[in-house]
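>>> Would you be able to build a 3D model of this:
(2 chains)
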Amino acid sequence: MKIATWNVNSLKVRLPQVLDWLATQSPDVLCLQELKMEDAAFPVEAIQQAGYQAAFAGQKTYNGVAILSRQTMHDVQIGIPGFEDPQKRLICASIQGIRIVSAYFPNGQALDSDKYLYKLDWLKALTAWLKQMLQIHPRLVLAGDFNIAPCPEDVHSSWKDPLLTSPPERAAFQALLDLGLEDSFHRFAKPENRYTWWDYRMGAFRRNAGLRIDHILNSQTLHDQVLDFNIDRTPRALERPSDHTPVILTLEKSALLRLRNNNE
DNA sequence: ATGTCGTGTTTGACACGA
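Numbering: from 1, shown residues only, chains lettered A, B, ... in the order given. Predicted coordinates for the structure are as follows:
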């Protein structure tokens, strides 16, 4: 089971690239962030023709998240329960017995900004909610644009801004790991292919001056099923690219589902 | 050296967020 995430920075602009990528990579699940469109504009038909159903939560101009899936989705839920927020940053659904969360974490803008406080509040609410979710759904995957680079190695030397790397942000990332979520990137690391985001400015992609801020975390229950972890930087090299590139987690089909499918 | 995008409006020039 291939589960991917991609911050597309406008689904309207990136739709052709998304459709190409679905055809090439054939993921079972693709989590999207920064749709930057209202629900009425979501390209349901094009996605369906590509063989995927979609669950989405959009808004005008900013944010917006979706889950595309080849298999049936159940129990779609939008937002963090109990955390009132007009910004559409989180959607989740159950697919093949796995709870999939697609999230666009707040950027934070600057350490002295109100948006940074909102980021830390959002992270606190997310973590408290996930702690409960993992009791109900021990098989869980959290995928998206975290806007946090967890390790020094995730940051190119040219990055001087304290944002995305500050101790409180990194502590919040660690708090997610402490819930029993695992960053399988480290087990399947390709050191020459570390970053998931490159600024549009200053020829950052050409210089490989990037950051690793897009992540897919899997619950410990899924640990033994993880077959591979990849960052696909090819879409970042296309004409008119998103500033982010897709991340892919490959899981072995569970013994239960293998059994069920064999009996069908 | 805030240098590029995408969106939206006070629309073919700027404000904002990232």
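>>> And what about A:Asp224, helix, strand or coil?
Taken by DSSP: H, G, I helix; E, B strand; the rest coil, the conformation at A:Asp224 corresponds to helix.
>>> do A:Thr24 as well
The three-state label given to A:Thr24 by three-state DSSP is helix.
>>> Show me what from the stretch 51-200 of chain A comes close to DNA strand B.
A:60-62, A:106-107, A:109, A:115, A:147, A:200 (C-beta under 7 Å from any atom of the strand). Backbone N, C-alpha and C define where each C-beta goes, glycine included.
>>> Widest-spaced pair of those residues?
The widest separation within those, taken as C-beta to C-beta, falls between A:Lys60 and A:Tyr200 and amounts to 22.0 Å.
>>> check contacts around the residue of the stretch 1-150 of chain A found nearest DNA strand B.
Going by C-beta to the nearest atom of the strand, DNA strand B is nearest to A:Ser10 of the stretch 1-150 of chain A, at 3.1 Å. Each residue near A:Ser10 by C-beta atoms under 8 Å, 6 or more residues apart in numbering is listed here: A:34-37, A:242.
>>> so which of these is the most crowded?
Across the contacts of A:Ser10, the neighbour count under other C-beta atoms under 10 Å reaches its highest value at A:Leu35, namely 28 neighbours.
>>> Quick check: chain neighbours aside, which residue is closest to that residue?
With C-beta to C-beta, 6 or more residues apart in numbering as the criterion, A:Leu35 has its nearest non-adjacent residue at 3.0 Å, and that residue is A:Gly64.
>>> Model confidence for that neighbour, exactly?
As predicted, A:Gly64 sits at a pLDDT of 98.
>>> What is the burial count for it?
What A:Gly64 shows, counting by other C-beta under 10 Å, is a neighbour count of 28.
>>> Pretty sure A:Ala41 is one of the things it touches, is it not?
No: proximity of A:Gly64 to A:Ala41 does not meet the contact threshold set by C-beta atoms under 8 Å, at 9.9 Å.
>>> Give me the average confidence score over the helix or strand encompassing A:Leu130.
Using DSSP states H and E, A:Leu130 maps to helix A:114-136. In this model, helix A:114-136 has an average pLDDT of 98.
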